[in-house]
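Chemist: Got a sequence here, can you build the structure:
(one chain, ligands or ions: 1)
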Amino acid sequence: MSAIEAVDSDFNTLLRRKAQAINYILQQLLASHQIKDDLKEAMRYTLFSPGKRIRSAIVLWCCEVVGGKINRNAEVAAAAIEMVHTYSLIHDDLPAMDNDDLRRGQPTCHKAFDEATAILTGDALLTLAFEILAKEIDGAELAAKLVGELAEAAGPSGMVAGQLADLKTEGKTGSEEILKFIHTNKTAKMFRCAAAMGAICGGAGQKEYELLCEYGLKTGLGFQIADDILDVSASSEQLGKTAGKDDKAAKCTYPAVVGLKKAKELERKLAEEAKAILKPFGKRADILRQLATALTERTS
Ligand code: GRG
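Modeler: Numbering: from 1, shown residues only. Now for the predicted structure:
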């Protein structure tokens, strides 16, 4: 095994462990809410399907990097961002949006249930995320800050705007400028938000907060470019979702607009820039460096 593979497999083990911890937190939070069985079943269906849990792991790791350990607030914030992310996947797969049958290796929510259930399941996860932030975070000021971060990243100044731009540019010749807008808003701002929430929960000062936000933004953009590349180079089995869809739908992606070679260069450049931002944190940010590297090497 090469040194790079050794680091990588170490990282994957660490990510898997974090994913297990996050699943446990999500289970607890869901169990503590009175939700009608049929809705709970649909919420659990996509929430507990095998997602990588990257955004929630970033929350926990950033809290650890800043504050030395994970606290309950970070756990709640991690669960909240995972719920919002899952809502976005359920809605993205709907016929009115990307119209997909496969997600996380299983039928999409609207295929397993029906469209109305999928819409409401997404709505339920989105609103539950903000309920747990409002009720479970220790400290009203902290809760308000976290609500603000997540709403800004997921809402009309973030993911929703990115998703609409993505859908509207289908079939049109995209420019690098439009592409950067879509990817930054659709994906990178949620990564930035994960880093920001972790930093806030860990008690970061302004400078540390800003550095981690910048790290999250660059990592998120790199992650989405990797996603574009995987869409043209990996199989549906590897991805757990339908491969080659971007090309079929004539999506505005990095390989389509700048070509595969430049897309790969850009992805690596962003990972290097993200790691450089972490310099002031020294060795304690090694896990975030490994994450930036791993995202450029991922196969699913
Ligand atoms: C419905 C408002 C709204 C937005 C949808 C998330 C999203 C925006 C669309 C999903 C399609 C897509 C390619 C989004 C870019 C972000 C992305 C790569 C999502 C998949 O994230 P992973 O790979 O998924 O972390 P898992 O399943 O591992 O959690």
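Chemist: switch to C-alpha atoms for all contacts and neighbour counts from now on
Modeler: Fine.
Chemist: residue ranges of the strands in the protein, please?
Modeler: All strands of the chain, identified by DSSP state E, fall at 102-103, 106-107.
Chemist: Turn those strands into JSON lines, columns for distance to the ligand.
Modeler: Converted to JSON lines, the strands of the chain look like this (distance: least, Cα to the nearest ligand atom, whole Å):
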{"stretch": "strand 102-103", "distance to the ligand": "7"}
{"stretch": "strand 106-107", "distance to the ligand": "11"}
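Chemist: Skip the chain neighbours and tell me the closest residue to residue 242.
Modeler: Nearest residue to residue 242 in three dimensions, chain neighbours excluded: residue 236, at 4.8 Å (Cα to Cα, 6 or more residues apart in numbering).
Chemist: Flag the shaky bits of this protein, pLDDT-wise.
Modeler: 1-9 (pLDDT under 70).
Chemist: ok, 50 please
Modeler: 1-7 (pLDDT under 50).
Chemist: Which residues of the stretch 101-250 of the chain lie near the ligand?
Modeler: Within the stretch 101-250 of the chain, the positions near the ligand by Cα under 6 Å from any ligand atom are 104, 159-160, 163, 186-187, 224, 227.
Chemist: Emit the ChimeraX select command for whichever of those residues are buried.
Modeler: Here is the ChimeraX selection string for the buried members of those, based on 16 or more other Cα atoms under 10 Å:
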select :104,159,160,163,186,187,224,227
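Chemist: Would you convert the residues of the stretch 101-250 of the chain next to the ligand into a markdown table that also reports distance to residue 152?
Modeler: Below are those laid out as a markdown table (distance: Cα to Cα, whole Å):
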| residue | distance to residue 152 |
| --- | --- |
| 104 | 26 |
| 159 | 9 |
| 160 | 10 |
| 163 | 14 |
| 186 | 12 |
| 187 | 13 |
| 224 | 19 |
| 227 | 23 |
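Chemist: Present the strands of the chain as JSON lines; the columns should include mean neighbour count.
Modeler: Compiled in JSON lines, the strands of the chain are given as follows (neighbours: other Cα atoms under 10 Å):
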{"stretch": "strand 102-103", "mean neighbour count": "20"}
{"stretch": "strand 106-107", "mean neighbour count": "16"}
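Chemist: how many other residues sit next to the nearest residue to residue 229 once chain neighbours are set aside?
Modeler: Excluding the flanking residues, the one nearest residue 229 by Cα to Cα, 6+ apart is residue 255, at 6.4 Å. When neighbours are defined as other Cα atoms under 10 Å, residue 255 has 21 of them.
Chemist: Could you check how far residue 255 is from the ligand?
Modeler: 14 Å (Cα to the nearest ligand atom, to the nearest Å).
Chemist: which residues does that residue contact?
Modeler: Going by Cα atoms under 8 Å, 6 or more residues apart in numbering, residue 255 touches 228-229, 261-263.
Chemist: which one of these is nearest the ligand?
Modeler: Nearest to the ligand among these: residue 228, at 7.7 Å, using Cα to the nearest ligand atom.
Chemist: Of all the strands of the chain, which one comes closest to residue 248?
Modeler: Residue 248 lies closest, by Cα to Cα, to one member of those: strand 102-103, at 15.7 Å.
Chemist: still on that earlier bit, distance to residue 91 added to the strands of the chain, as a markdown table?
Modeler: Output for the strands of the chain, formatted as a markdown table (distance: least, Cα to Cα, whole Å):
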| stretch | distance to residue 91 |
| --- | --- |
| strand 102-103 | 12 |
| strand 106-107 | 14 |
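Chemist: mind checking which of those is nearest residue 175?
Modeler: Short answer: strand 102-103, nearest of these by Cα to Cα, at 28.5 Å.
Chemist: List the contacts of the closest one.
Modeler: Strand 102-103 has contacts (Cα under 8 Å, 6+ apart) with 93, 108, 240-242.
Chemist: what's residue 104 sitting at in phi/psi?
Modeler: phi 50, psi 40 (degrees, to the nearest 10).
Chemist: these two touch, right, it and residue 51?
Modeler: Yes: counting by Cα atoms under 8 Å, residue 104 touches residue 51, with 6.2 Å between them.
Chemist: Tabulate the CA atom coordinates of stretch 207-219 in PDB.
Modeler: This file holds the C-alpha atoms of stretch 207-219, laid out as PDB (Å, rounded to 0.1, in the frame of the first residue of the first chain):
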ATOM      1  CA  LYS A 207     -10.000  35.100  12.500                       C
ATOM      2  CA  GLU A 208     -10.300  31.300  13.000                       C
ATOM      3  CA  TYR A 209     -14.000  31.500  11.900                       C
ATOM      4  CA  GLU A 210     -13.000  33.300   8.700                       C
ATOM      5  CA  LEU A 211     -10.200  30.900   7.900                       C
ATOM      6  CA  LEU A 212     -12.400  27.900   8.300                       C
ATOM      7  CA  CYS A 213     -15.200  29.500   6.300                       C
ATOM      8  CA  GLU A 214     -12.800  30.100   3.400                       C
ATOM      9  CA  TYR A 215     -11.500  26.500   3.800                       C
ATOM     10  CA  GLY A 216     -15.100  25.200   3.600                       C
ATOM     11  CA  LEU A 217     -15.900  27.300   0.500                       C
ATOM     12  CA  LYS A 218     -12.800  26.100  -1.400                       C
ATOM     13  CA  THR A 219     -13.300  22.400  -0.300                       C
END
